[in-house]
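# after the sequence you'll find the predicted model.
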Amino acid sequence: MRTPNVFLYREVVIMKKVFLPLATVGLLLLAGTACTAPETGSEPSETSTESTAPAALLTYDGPAENIPVTAQYPDTMTVMGTGSGEGVGVFFTFTPQGNALDDAEVSVFLPANTSDTGDLMDFITGPNGLIENNGWTLDGSRADTASEFPYPWFEMVFDISTDMEQSGHILIGQAAGQPIQVVVLYPAEMADEFWPAANTVLDSLEFDANLLPITTSE
């Protein structure tokens, strides 16, 4: 795997399963997102804060734009899917709140042309990797026994913090032979406000095997 540039948010790619010339991939950068209302019966996370009305749920339908990611998210968040030759990225961020939640997010990254989660570990913790280049502190790591992340694709989590009083996690795993990286970053003092929305995304996150693995032509 060619080690990508540091995964700075909102700088990843839209891909199809088929091999695409990179020039064609570039034309997909403005594809945007596909959002539809969820089916009747969908409910918000049980951990919603008691002081606010339940947020309405929307569905991010990535396969409609050839992005192999589907998830629900509350209407207090917005979503963007984008990509290039390095892989596919989908970013769930909050609509302007006027507080520290404006810098919080759940981001999904599917690297192209690799089937080994070991490549992700090097990219995250290695020299000039994700943690080092973003100035984050690695507070620890845990294997798939981490009960707070009961997802079928999940394998390992790296706990991180920043000098901006943010906390977070980097989750890695695999689905249909495709390595997956999910970054969760939030203000430590607003964890109670952040997690209901984040759990809505994480609990519903699915990957379309028909569009995996992510591949690009050289």
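That came through, no problem.
# isn't residue 169 up against residue 154?
No - counting by Cβ atoms under 8 Å, residue 169 stays clear of residue 154, with 10.6 Å between them. For every residue, glycine as well, the C-beta is placed using N, CA and C.
# was I right about residue 73 contacting residue 197?
Yes - using Cβ under 8 Å, residue 73 makes contact with residue 197 at a distance of 7.2 Å.
# so residue 87 touches residue 119, yeah?
No - checked against Cβ under 8 Å, the pair residue 87 and residue 119 is beyond contact range at 11.0 Å.
# these two: who's more crowded?
Each of residue 87 and residue 119 has its neighbours counted (other Cβ atoms under 10 Å); residue 87 has more, 23 against 18.
# is that one bridged to anything, and to what?
Note on residue 87: beta-bridge partners by DSSP bridges are residue 111.
# state the pLDDT value of it.
On pLDDT, residue 87 comes in at 95.
# change the start of the numbering to 433 and stick with it
All right, first residue 433 from here; so that's residue 519.
# where along this protein do the helices fall?
454-458, 549-557, 562-565, 623-636 (DSSP state H).
# in CSV, list those along with distance to residue 490 and mean pLDDT.
Shown next, in CSV, are these (distance: least, Cβ to Cβ, whole Å; pLDDT from 0 to 100):
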stretch, distance to residue 490, mean pLDDT
helix 454-458, 26, 35
helix 549-557, 28, 92
helix 562-565, 28, 96
helix 623-636, 10, 98
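# any chance of the ones you listed in JSON lines, plus distance to residue 532?
Below are the helices of the chain laid out as JSON lines (distance: least, Cβ to Cβ, whole Å):
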{"stretch": "helix 454-458", "distance to residue 532": "34"}
{"stretch": "helix 549-557", "distance to residue 532": "24"}
{"stretch": "helix 562-565", "distance to residue 532": "21"}
{"stretch": "helix 623-636", "distance to residue 532": "9"}
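# residues near the closest residue to residue 573 other than its chain neighbours, how many?
Distances taken as Cβ to Cβ, 6 or more residues apart in numbering place residue 590 nearest to residue 573, at 4.8 Å, with adjacent residues excluded. By the criterion of other Cβ under 10 Å, residue 590 has 22 neighbours.
# kindly report the same for residue 510.
16.
# my guess is it meets residue 528, correct?
No - at 9.6 Å, residue 510 does not count as touching residue 528 under the criterion of Cβ under 8 Å.
# quick one, what contacts residue 501?
492, 494, 513, 520, 522, 540, 542, 637, 638, 639, 640 (Cβ atoms under 8 Å, 6 or more residues apart in numbering).
# how close does the fourth one sit to residue 621?
It stands for residue 520. Per Cβ to Cβ, to the nearest Å, residue 520 is found 32 Å from residue 621.
# okay, now residue 621: neighbour count?
13.
# wait, it sits on residue 531?
No - using Cβ under 8 Å, residue 621 is not in contact with residue 531; the gap is 9.6 Å.
# all strands for this structure, in order.
Taking DSSP state E as the criterion, the chain contains strands spanning 467-468, 489-493, 501-506, 509-516, 519-526, 537-543, 569-575, 586-593, 598-607, 610-619, 638-639.
# what sits closest to residue 623 if chain neighbours are left out?
residue 599 (7.2 Å).
# that neighbour: what's it in contact with?
591, 592, 593, 617, 618, 619, 620, 623.
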